[in-house]
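**Q** just coords:
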């Protein structure tokens, strides 16, 4: 069996060295061949020099063109070896937790050779229970949540054929035109485009949840939601809106394909995705961060597109929290009207 680690990197040469060192120290079991693919499209911090002089006991496949206009994941599809059976996608600021991490995953893959995707949840989100669960990807997402299963790139080990298909969808969603001239046309895309891309092609395929401690974030990595929402001005407005694009895109896909989602499908980092969206929506209403058109888009999504989001958002405790915040705002009447409309809709649904 051949497994390739696929690592996109951008201005993180120190973290990249740690990630690669964790791969270098792996105990490789008999019957397994390992290689590493790295893409560096835009770095200016010394990554280019490091990759030009890298040495490894594994076969390295490197795209190292800092001036390239192509997204890193697109470039990775060009250097990932065609002979690879599975691709372990890995962030440049993550690392394998022990020298036996690869062996542990290899053992699971050997027992499930017909599966197309292996999922390793993140440490800080779901405490590991050393559980191996096999089912369709849709079933696993309904049980453990779409985001917990697909949101963390370093937790995805995928058959090469589907990796290539998923990355093509990913780059198209970004708006990248691969034929000359190569340009990027920015679209309204979410934070987790890779999750949507893989879910769309693998939702009815066999996946295996590997709830074991084999990979984690490096110390000092901070990709928490709070860092995104703590930004100011246009950056905060753009990045917080992308969470609505995430949920809007996945709701459209599940609806168009007749897929039934359970409330747990929308869990996000140990809480409901609805709460995240409402936090963004309420803050925008209180601060005037978004335009009227953007607020309308958010309202339509929250109130009409998903009965699960509406149902879960009308818990008394959450309404009290929102009211306590709104009570200190000049826009109190506006907020009450919106909450009243949502409560009315929820009551109407219960009467059906």
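**A** The structure has been received and is ready for your questions. Computed from a predicted structure; not experimentally measured. Numbers count the residues shown, from 1 in each chain.
**Q** residues contacting the closest residue to residue 52 other than its chain neighbours?
**A** Nearest in space to residue 52, with sequence neighbours left out and distances taken as CB to CB, 6 or more residues apart in numbering, is residue 64 at 6.5 Å. Heads up, the C-betas are built off the backbone N, CA and C, glycines and all. By CB atoms under 8 Å, 6 or more residues apart in numbering, the contact list for residue 64 reads 38, 40, 48, 51-52.
**Q** and which of those residues is nearest to residue 72?
**A** residue 40 (7.4 Å; CB to CB).
**Q** pretty sure the closest one sits against residue 67.
**A** No - contact between residue 40 and residue 67 fails when scored by CB atoms under 8 Å: they sit 10.8 Å apart.
**Q** comparing those two, which residue is more hemmed in?
**A** The residue with more neighbours, out of residue 40 and residue 67, is residue 40; 27 against 7, by other CB atoms under 10 Å.
**Q** look up how far residue 171 lies from that one.
**A** 17 Å (CB to CB, to the nearest Å).
**Q** and if you look at residue 135?
**A** Taken as CB to CB, the span from residue 135 to residue 171 is 29 Å.
**Q** show me which of these two is the more surrounded one.
**A** Comparing residue 135 with residue 171 by other CB under 10 Å, the one with more neighbours is residue 171, at 22 against 15.
**Q** ok, for that one, nearest residue in space, not its chain neighbours?
**A** Leaving aside its chain neighbours, residue 171 sits nearest to residue 74 (4.4 Å; criterion: CB to CB, 6+ apart).
**Q** what's the answer for residue 100, then?
**A** Nearest to residue 100 is residue 27, by CB to CB, 6+ apart, at 5.8 Å.
**Q** which SSE is that neighbour in?
**A** Of the helices and strands defined by DSSP states H and E, none includes residue 27.
**Q** cool, and residue 62?
**A** Assigned by DSSP H and E, residue 62 falls in strand 59-64.
**Q** just the contacts of residue 64: which are in helices?
**A** Among the contacts of residue 64, the members found in helices (DSSP state H) are 48, 51-52.
**Q** out of the residues you listed, which is nearest to residue 156?
**A** residue 51 (23.0 Å).
**Q** who's in contact with the closest one?
**A** Per CB under 8 Å, 6+ apart, neighbours of residue 51: 38, 40, 62, 64.
**Q** buried ones in the helix ranked longest in the chain?
**A** Of all segments of type helix in the chain, defined using DSSP H, the longest is helix 233-256. Within helix 233-256, the residues that count as buried by 16 or more other CB atoms under 10 Å are 236-237, 239-251, 254.
**Q** and for stretch 42-62?
**A** 42-43, 47-48, 50-51, 58, 61-62.
**Q** and that stretch, end to end?
**A** 14 Å (CA to CA, to the nearest Å).
**Q** just stretch 23-37 next, same as before
**A** Start and end residues of stretch 23-37 are separated by 12 Å (CA to CA).
**Q** which one of the buried residues of stretch 42-62 is nearest to residue 216?
**A** Nearest member of the buried residues of stretch 42-62 to residue 216, counting by CB to CB, is residue 58, at 20.9 Å.
**Q** please, where are all the strands along the chain?
**A** 2-9, 33-40, 59-64, 86-89, 94-96, 117-119, 131-136, 156-159, 176-177, 183-184, 206-211, 215-217, 267-268, 271-272 (DSSP state E).
**Q** can you list the strands that the strand holding residue 62 pairs with?
**A** strand 33-40 (parallel) (DSSP bridges).
**Q** does residue 35 have beta-bridge partners, and which?
**A** Residue 35 has these beta-bridge partners by DSSP bridges: residue 4, residue 59.
**Q** check contacts around it.
**A** With contacts defined as CB under 8 Å, 6+ apart, the neighbours of residue 35 are 2-5, 58-61, 81, 84.
**Q** torsion angles phi and psi at residue 10?
**A** phi -150, psi 110 (degrees, to the nearest 10).
**Q** my guess is it meets residue 44, correct?
**A** No - contact criterion CB under 8 Å: residue 10 and residue 44 do not qualify, at 9.5 Å.
**Q** residue ranges in the stretch 201-350 of the chain under the pLDDT threshold?
**A** 221-239, 268-278, 281-283, 285-288, 299-350 (pLDDT under 70).
**Q** tell me who's in contact with residue 29.
**A** Taking CB under 8 Å, 6+ apart as the test, what residue 29 contacts is 102-103, 106-107.
**Q** if anything else comes up later, I'll come back, but that's it for now.
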